[in-house]
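1. got a predicted structure here, sequence first:
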Amino acid sequence: MGYVSAVPVPQPRAARVGGAAASSGGRRSLAAALLLGALGATVVLLSAGQIWAEGTASVGGGTVPVEADGGTVTGVPTALAIVGLAALVAVFAVRRAGRTLVAGLLALSGAGAALAAFLGASDADALDTEAARITGDTAASVAGLTHTAWPYVTAAGALLILAAGLLALRYGKSWPSMGGRYERSGTPRAARKATGAGAGAPAASDRPEDLWKALDRGEDPTHED
């Protein structure tokens with residue numbers, strides 16, 4: 001009686017292509033979210049320190065220039081940008097429902113910062129308050145009030161944070177977690193199974209900065225063994 005040896009069945013080409021496409025999509029969404037979130041927060045923090053409104057106030061028969069930066073007009077964009085940065089990092093530290101909640105916080109921080117910046121683009125109260133402080137006259141008001149483009153730059157940066165949050169909500173479930181390399185016992189999990197050509201490969205790190213390095217090398221940091 002003869003024996004029939006087991007012959008490995010090749011994986012269908014469509015399945016391989018589909019898996020590669022999903023992996024590529026996860027890698028691109030991860031890189032895009034990190035880039036958009038970090039860039040957006042940087043833009044908000046920098047532009048919030050610029051002059052948003054300016055004008056003149058009457059004092060002693062003359063006029064003095066009055067200016068108000070973004071922080072004087074509203075501190076909301078700056079605060080929410082910091083929250084967004086924290087959420088961008090935290091999204092890699094949590095899993096499942098926790099990741100969805102943090103991704104939602106990231107999106108909301110961007111939306112809130114954008115709204116506050118748009119509202120601040122037409123604000124006049126901050127400049128009147130500044131005029132009263134400079135002149136010592138609580139009834140002082142500003143003449144020739146003008147607004148700069150910086151509130152809109154701030155809003156644009158906030159929309160980048162919002163986009164990062166939306167990407168995290170859509171694709172975040174496939175992204176790696178900082179704690180994914182550790183079992184409940186606290187011991188590191190092997191990055192590769194001890195079989196095939198991948199045996200002995202160094203363990204991958206899940207820190208955000210190492211995810212960037214992996215993407216630069218063309219590796220897929222979203223792959224889990």
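-> Right, received. Where do you want to start?

2. which of the three states applies to the residue lying closest to A38 once chain neighbours are set aside?
-> Closest residue to A38 in three dimensions, ignoring its sequence neighbours and counting by C-beta to C-beta, 6 or more residues apart in numbering: L88, at 7.0 Å. Every residue, glycine included, has its C-beta placed from N, CA and C. Under DSSP: H, G, I helix; E, B strand; the rest coil, the three-state class of L88 is helix.

3. within the helices and strands, which one has T56?
-> Element membership for T56, per DSSP states H and E: strand 51-59.

4. list the helices and strands whichever helix or strand comes after that strand packs on?
-> Where DSSP H and E defines the elements, the next helix or strand beyond strand 51-59 is strand 62-69. Applying 3 or more C-beta pairs under 8 Å, 6 or more residues apart in numbering; DSSP states H and E, we find strand 62-69 packed against strand 51-59, helix 125-135.

5. would you give the sheet partners of the first one, along with the direction of each?
-> Translated: strand 51-59. When sheet partners are counted by DSSP bridges, strand 51-59 sits next to strand 62-69 (antiparallel), strand 142-147 (antiparallel).

6. okay, buried residues for it please.
-> W52, A53, E54, G55, A57 (16 or more other C-beta atoms under 10 Å).

7. tell me the contacts of the second one?
-> For A53, the set of contacting residues under the criterion of C-beta atoms under 8 Å, 6 or more residues apart in numbering consists of E67, A68, V73, D123, A124, A126, L127, L145, T146, H147, T148.

8. what about L145, neighbour count?
-> 17 (other C-beta atoms under 10 Å).

9. show the pLDDT at it.
-> For L145, the model assigns a pLDDT of 82.

10. shouldn't it be in contact with L127?
-> Yes - with contact defined as C-beta atoms under 8 Å, L145 counts as touching L127 (6.2 Å).

11. pull the contacting residues for the closest residue to G112 other than its chain neighbours.
-> Spatial nearest neighbour of G112, chain neighbours left out: L80 (5.0 Å); criterion: C-beta to C-beta, 6+ apart. By C-beta under 8 Å, 6+ apart, the residues touching L80 are V44, S109, G110, G112, A113, A116, A158, I161.

12. now L80: which helix or strand?
-> With DSSP H and E as criterion, L80 is part of helix 76-90.

13. circling back: wait, which of the buried residues of strand 51-59 is closest to Y152?
-> Closest approach to Y152 among the buried residues of strand 51-59 (C-beta to C-beta): W52, at 9.9 Å.

14. and the closest one, how far is that from G144?
-> 15 Å (C-beta to C-beta, to the nearest Å).

15. all helices of this structure, in order?
-> Here the chain has its helices, by DSSP state H, at 13-47, 70-73, 76-90, 96-120, 125-135, 150-171, 208-216.

16. out of these, flag the one nearest G62.
-> The nearest among these, by C-beta to C-beta, is helix 125-135 at 10.7 Å.

17. hmm, who's touching that closest one?
-> 52-55, 57-59, 64, 66-68, 72-74, 138-142, 145.

18. mind listing what's buried in it?
-> A126, L127, D128, T129, E130, A131, A132, T135.
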